[in-house]
Structure formats: C-alpha cells, structure tokens
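Visitor: dropping a prediction and its sequence here:
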Amino acid sequence: MKLRSLLLLVFCCLLNQAFAQQKKISLEEIWNGTFNTEKLEVLRTMQNGREYTVLNTNPAKGLSSIEAYDYLTQEKTRTLLASGGSGAIPYFTSYEFSRDESRILLATEEESLFRRSTRGIYYVYDLKGGNLTPISREKIREPRFSPNGRQVAYVLENNIYVFDLSSKTTRQLTFDGEINKIINGVADWVYEEEFSLVRAFEWNEEGDRIAFLRFDESEVPEFSMEIYGQGLYPLQNRFKYPKAGEDNAFVSLHLYDLESKETRRVPLPLDYYIPRIQWMNTPGQLSVMALNRHQNRLHLYKVDAQTAVASLLLEETDSTWLDITQHHFLDFLPDDRFLWTSEADGFNHLYLYDKNGSLIRQLTSGPWEVTAVYGHDPEKDRVYYQSTETGSINRDLYSISTGGGKKRQLSTREGTHSAEFSADYTYYIDTFSNSSTPPAFTLHKSHTGELIRIIKDNAALLRRLNAYELSPKEYSEIEINGQVLNMWMVKPQEFDPAVAYPLLMFQYSGPGSQKVANTWLDSNDYWHQVLASRGYIVSCVDGRGTGYKGRDFEKLTYRELGKYEVEDQITAATRLSELPYIDSGRTGIWGWSYGGFMAANCLLQGNDTFELGIAVAPVTSWRFYDTIYTERYMRTPGENQEGYDNNSPLSHAGRLKGDFLLVHGSADDNVHVQNTMRLIDALVRANKQFDWAIYPDQNHSIAAGNTRLHLYTLMTNFLTEHL
C-alpha cells in the first residue's frame, strides 16, 4: 500500500474515532442548565463613571450580593450589600440605586403576573446608616425612587402610593383603583404586551409632581381561564382582554401635585393610545406620545405641567402602521433638543430635532437600520447607537456627532454587539456573540472602540461543547417571489451530499421579527442540533414581512397577515426540496405563537409541499387576538373581513393531508387556548385525523417544571415517527 493511501486511511480512522467519541446532545441537557452561559446579571453603571455593579445570586442557598467593579482594572472594589449572614437582609433578585446612590431598592419574593410585570416585597437599604426599611408589608408593583431619593412611589391594588423614607409614612394618591375596572399608574394587559409598558407613572425632576396614566377598563370585555390546580374544584382567572374590534380601556393622562395634593387631567387632541410619557429637562415640561386606533398617526406632545396644556411637537403618519416598540426612540439632550428614530426615508434612522419640534437634520442614512440608541455624550458630542450596516443579520456599534459627521464604527467582529455605557461615556461593556461564539463581555474605550480587556468569554462552555456533536449554522440567501431572503441551514455532522435527508423548516415570520440572526444558540438551536444528529436537515427562512430590511419589505403584509409569509415558506420549501440532498417527500415545518399560526397555515395551504407540521400556541384566527397588535397590521374585523378569514387556518382545515401536532397551554393569557380549541373543532368537523396536547395551567411559554422537556420530547417523537 502506498504511503499516501496509508496516511489517508489512518486520518479517516482517526476522524471516525473522533466523531464516535463525541456525545450527542440530550433533551434533558438542553433544559437542565448544562449549556447555560455566564452573564453580567443586573449591570448598573455608577455615577462616578469608574465603577459598575452586578448582582450575584445563589438561589439554592438563598444568597445574593451587589458587587462593585473598577471599569479599568476589572478588580472588585467592594461588596455594597449581601444577604444571608445574620439574616437581616433577605435574599433579593433585583436592585435599583437612588439618584445619589446612597440608597438601594431591593426586590424580594417576586412573582410574575404577565409577560413583563411582577409584584413583590420591596425594601430600601441605606448604605450610610446600614438600615433596612420595608416599603410595604404587602406585595407591590413598580416602586421608584423620587429624584432626591427620599420617597418611593409604587402601585398597590391599582392605586398609586408614596412612601416617605424619613417619616416612614405612606400617602395614597389615587382612590378609585379597582381590579378589572380602574388602573392607576401601571398598564393594562394589552399595553404591557404590545407597547412594552408596565410602569405608567413618572416623577418629575423636582420630585413634587407625578405624571400617570389612568386606565378605565369598565367597557373592555372580560376573558376567563380555568386554573385546574390541585384542588377539588378548578378556579377561574378573569381579566380584561380587548380582542380585535372590541372596546379598549379609556386611557387618560393625569398630573398629581404632591404639595397641593391635587390631581389634574391633561386633555390631548389625540389620545386613543398613550404609550409613552417622559419628563423633559426643562422644569415642568412633560413629553407624551399618542396614537390613533389605526396606529398610523403619531403625535408627540409637550405638556406644561402648570397649565396642563399640551402643544404639538411632532407628527408622523404612515399609510400602513407606526410601531413605537421597534421605532420612534426618543431621548432629550440637556437643552431639550431631542433624538428621534423614524422610517421616514424607508429605513429606521436617527434624526435630531430642536426643542420646539423643528427638524435640525437627519443623522444617519442608507439601506440599513438603526436598531438601538444608547445615548448622547455631551462632552464629546457623540451619539452612540447599534445598527445593521454590515448586514441585516448582524448588529454593530457606532457613534456619530449631532452634526451628522465623524461617524465611527466601534465594533469589529462579525456578529451581534450590544453595549452598556459608563455614566460619563468613558467606557462601554460590549456583549458580543455569533453563531459559533457564545456571549463574550469586553471592556472598551467609548471614543475609539479600543479593546481594554476581556471580562467574561464563556470559554468554559466552548470547552464543554467540544465533547458534543455540533453542526455549524450555514448562512446564505435565497431569492424567491422577487425578494432576496435571509436563510440558515443546519446539516448532520457527517453530511453526505449523496444522501437525501428529511427537511424541517423552522420560522416565526411575524411583522418586524427576525430568526435568521448571527447570534449565539438558544434552546431551539440546541434542539435543532439534536435533530441534525438524528439525520434531519433543519432550515429557517425569514420571509417578507419580517424585520431589518426596510419599511417596504416589512409592511408588504399590511391587512394580509399570513398571505405573503405563507407563500414564501411554501416557495422556499419547494426550492430547497429541489436540492439533491433533500428528500422532497419528507418536508416538515414548525413554529410557536405567530410561528404556530404559520406552521398550521403552511401545512394546510401547502398540503402538496409539507408532509408534517407542528404548531405550538398558535393564533388560528386574528379575531381572537388583542386589539393593539392585530389592528396595527390588520385594522378591525369590520374593516377587513376578508383579510381576517382568508388567511385563517380555520378556513383551510378541510385541506389537511399531512401529519399535524397541535399544542397549547390551557392558561395562556396571550394566545388563548380558544385558538387551538376552535381549530380542533374545525378539523373534527372536516373529519381530519391529527395529534394534539394541552398542558394544564401552562402559559404561552409552556415552561414551568418539566413541561418544556416533556413538550420537546413529544415533538421529537412525533418527528421520528412521521418524518
């Protein structure tokens, strides 16, 4: 045998041995913490600009502490506070400093309410005196220090209270709060879910006024869910949930004067939705964002707190919709000029306005999007932001002057970067990852982006993963339906192009969303690795209507949710099935929430393309979903009956040909189990066989206890049996 052939044989044997030695990821490991990444938990920059703090917790031992670190040396400078020991300080799970950093607000015994809201027992710890003061013996919501740190405002049972730390007395500011009727100071369910608003009150800089929103839910229809629990009789959870076309809460803006103890309502010319309130830097001036019901007309007001008179600062309109959760960032400079982001030129970009709302200049431009704004350094006149300039699947860090010049790219490695800046903008901590690099935390100089040192790099996780069989995400583009779409694919590690593999497509597809992103693995990615190790090819395509490729690409789906997105998934599956290594007779699709809506639609409408579908917590008719989200994209059912019904899985149940698994949590407050029950009914009426599972008392995430492991085991077994 020739030496070259012998060496090749030895190499192949060693390679096969290496593969044989690698472990396959188990489902249990995905959810038992084996692949967890290290993080900087609850990072807060300190006012001196030289230090930052992080939270360290050990839930098993009931220990937590706040540790301060020097930015430059990365050495721990002190422990500000620690629980345990004598037991005087209870275990806490979050914290906030007062403005002067002399006091710390500690969250304990927190319990989740909805997606973003919690309530808990809160304490204030005085760093100088070492005193620990409970704010209330009852569980409260959204406590916030006054600017001078001497008072804490909070919400209890839908009313606003102020606790005075000196006198240890509590003042009640509102008195009409009532469950499922009137809410003061915190948002209702739909504002929390769709506007990302929980706390709906703000202290002014002087600490003598509080601006707040009042929600009158009296006319909002009530939704109820059975809570089965462990008792003899189930309970009912009743809450206000406005479905598309139904009445919303009547929301009004109010100002409370702590000296006169008077409340004044602020009338606004446009006030159907009031999703943002923010005090300006000029004393007594409040900014307010307001939207019409169609969410295609936005007003930014300036309110004089003395007179309660509102004047218009800025107006934006769109022929489709305006989404303030993804666009329309607002930040006031010290002189009340303000930074604003808008899609006015077709892509989300930064604009600078004067204090009266007149446009000074557009700061950024190009066929890419500004995706986050971190603030303005007045000393160096730099605006720091994140954008997609190097590609829509990436995120990079930049700075630019308010004159629109001297733009500088701060980040260098390709992937996803985000930043936390020091109080004086001297430093920033960059959180970076890509599909092959777990989150790395590095310290940089803000002005130049120069790397100072590595803080955490999750190298231990990478070493751990070396023992496992992993396949890389292969990023590419696919041109279909007149558009170039982002795509990734994961193949079996021992991929053989001569073998025809089954294909499972994963997607979400909702407006402005992104699943093809150059970032580190999440739990679904690890599950897709499990499937790849079992001989599946897994792929994801972000179709029309998803985000970060400009206004026209995203808003093409207006009034037609589920039409163009379904067309793109069917076309993409058809195109991929033409590849020689794809088995065209074994194509599946799966998704969760909007992705579940899509998976059901694709299996039904693309019944000659897909042989299998898995829909988890799907919307099955937009008539069942909430007002703010649904009407933003679809208008009301009365205005768009065909758009609602033509693209509903309920309208296509009779077309089912493939294998279908339908899953929901019975206590899903977001996408109600009603959606799945109605689709079950439609499929039964059409005499179609399918599989389904309901997880008792589980919400939209289906994650409590062992349910996530049980669910993914169910889905894995379903795929193994049917695809």
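Guide: That came through, no problem. Being a predicted model, the structure only gives us computed values, none of them experimental.
Visitor: quick one: the helices in this protein?
Guide: 3-21, 27-31, 189-195, 459-465, 523-533, 551-554, 564-577, 594-605, 627-634, 641-646, 674-685, 707-722 (DSSP state H).
Visitor: out of the ones you listed, flag the one nearest residue 311.
Guide: helix 189-195 (23.2 Å; C-beta to C-beta). (Glycine included, C-beta is placed from N, CA and C.)
Visitor: show residues contacting the closest one.
Guide: 114-117, 187, 197-198, 200, 215, 239-242, 248-249, 251, 273, 275-276, 324-325, 626-629, 632, 669-670 (C-beta atoms under 8 Å, 6 or more residues apart in numbering).
Visitor: picking that back up, and the helices of the chain, which one is worst for confidence?
Guide: When mean pLDDT is averaged over each of these, helix 3-21 scores lowest at a mean of 40.
Visitor: residue 309: how many residues sit nearby?
Guide: The tally of other residues near residue 309 (other C-beta atoms under 10 Å) stands at 12.
Visitor: how about the one 3 residues further on?
Guide: Using other C-beta under 10 Å, the number of residues around residue 312 comes to 14.
Visitor: shaky segments in this structure?
Guide: 1-20, 85-87 (pLDDT under 70).
Visitor: so which of the helices of the chain is the most packed in?
Guide: For those, average neighbour numbers computed from mean count of other C-beta atoms under 10 Å are highest in helix 594-605, which has a mean of 28.
Visitor: for that one, name the packing helices and strands.
Guide: Helix 594-605 is packed against helix 564-577, strand 582-592, strand 612-616, strand 659-665, with contacts defined by 3 or more C-beta pairs under 8 Å, 6 or more residues apart in numbering; DSSP states H and E.
Visitor: run through who's touching the third one.
Guide: Under the criterion C-beta under 8 Å, 6+ apart, residues 504, 587-593, 595-597, 599-600, 602-603, 658-664, 702, 711, 715, 718-719, 722-723 lie in contact with strand 612-616.
Visitor: go on, stretch 212-219?
Guide: Contacts of stretch 212-219 (C-beta under 8 Å, 6+ apart): 160, 174, 180-185, 187-188, 191, 200-202, 240, 247, 249-254, 256, 274, 277.
Visitor: ChimeraX command for the buried members of the residues you listed?
Guide: Selection of buried members from those for ChimeraX, criterion 16 or more other C-beta atoms under 10 Å:
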select :160,174,182,183,184,185,187,188,191,200,201,202,240,249,251,252,253,254,256,274,277
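Visitor: all strands of the stretch 51-200 of the chain, in order?
Guide: Ranges of strands within the stretch 51-200 of the chain are 51-58, 63-70, 76-82, 94-97, 103-112, 118-126, 132-134, 141-145, 151-156, 159-164, 169-172, 182-184, based on DSSP state E, counting those that start in this stretch.
Visitor: any idea how far the last one is from the chain center?
Guide: Centre-to-centre, strand 182-184 and its host chain are 25 Å apart (C-alpha atoms, centre = their mean, to the nearest Å).
Visitor: domain parsing for this structure?
Guide: Following automatic domain parsing, one gets these domains for the chain: 35-172, 174-325, 333-434+437-463, 472-722.
Visitor: just those domains: most buried one?
Guide: With neighbours defined by mean count of other C-beta under 10 Å, none of these is more surrounded on average than domain 472-722, at a mean of 20.
Visitor: do me a favour and get the end-to-end distance for that domain?
Guide: 26 Å (C-alpha to C-alpha, to the nearest Å).
Visitor: likewise for stretch 555-572?
Guide: Span of stretch 555-572 from end to end, C-alpha to C-alpha: 20 Å.
Visitor: report the backbone C-alpha coordinates of stretch 503-517 in PDB.
Guide: Below are the C-alpha coordinates for stretch 503-517, written out as PDB (Å, rounded to 0.1, in the frame of the first residue of the first chain):
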ATOM      1  CA  LEU A 503     -36.100  18.700   5.900                       C
ATOM      2  CA  LEU A 504     -37.700  20.500   8.900                       C
ATOM      3  CA  MET A 505     -38.300  24.200   8.400                       C
ATOM      4  CA  PHE A 506     -38.400  26.500  11.500                       C
ATOM      5  CA  GLN A 507     -39.800  30.000  11.400                       C
ATOM      6  CA  TYR A 508     -41.600  32.800  13.300                       C
ATOM      7  CA  SER A 509     -42.400  35.200  10.400                       C
ATOM      8  CA  GLY A 510     -44.300  37.900  12.400                       C
ATOM      9  CA  PRO A 511     -44.100  41.600  11.400                       C
ATOM     10  CA  GLY A 512     -40.700  43.100  12.200                       C
ATOM     11  CA  SER A 513     -39.300  39.800  13.600                       C
ATOM     12  CA  GLN A 514     -36.000  38.000  12.900                       C
ATOM     13  CA  LYS A 515     -35.000  34.400  13.300                       C
ATOM     14  CA  VAL A 516     -32.100  34.400  10.900                       C
ATOM     15  CA  ALA A 517     -29.600  36.300  13.100                       C
END
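Visitor: ok now that stretch, how far from the chain's centre?
Guide: On C-alpha atoms, centre = their mean, the centre of stretch 503-517 falls 15 Å from that of its chain.
Visitor: try stretch 40-49
Guide: So, by C-alpha atoms, centre = their mean, the centroid of stretch 40-49 is 22 Å from its chain's centroid.
Visitor: what of stretch 102-117?
Guide: Using C-alpha atoms, centre = their mean, the offset of stretch 102-117 from its chain centre is 18 Å.
Visitor: next: stretch 364-373.
Guide: That offset, for stretch 364-373, works out to 19 Å (C-alpha atoms, centre = their mean).
Visitor: and if you look at stretch 609-624?
Guide: 22 Å.
Visitor: and what of stretch 154-172?
Guide: Averaging C-alpha positions (C-alpha atoms, centre = their mean) puts stretch 154-172 31 Å from its chain's average.
Visitor: for that stretch, which outside residues touch it?
Guide: Residues contacting stretch 154-172 (C-beta under 8 Å, 6+ apart): 103, 122, 124, 133, 135-136, 138, 140-144, 146, 149-153, 173-179, 182-186, 201, 210, 212, 256, 258.
Visitor: circling back to that earlier point, quick one, which of the helices of the chain gets closest to residue 226.
Guide: Using C-beta to C-beta, the helices of the chain put helix 674-685 closest to residue 226, at 11.7 Å.
Visitor: which strands and helices sit next to that closest one?
Guide: Partner elements for helix 674-685 (3+ C-beta pairs under 8 Å, 6+ apart): strand 659-665, strand 691-695.
Visitor: for those strands, could you give me JSON lines that also reports distance to residue 298?
Guide: Shown next, in JSON lines, are those (distance: least, C-beta to C-beta, whole Å):
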{"stretch": "strand 659-665", "distance to residue 298": "35"}
{"stretch": "strand 691-695", "distance to residue 298": "39"}
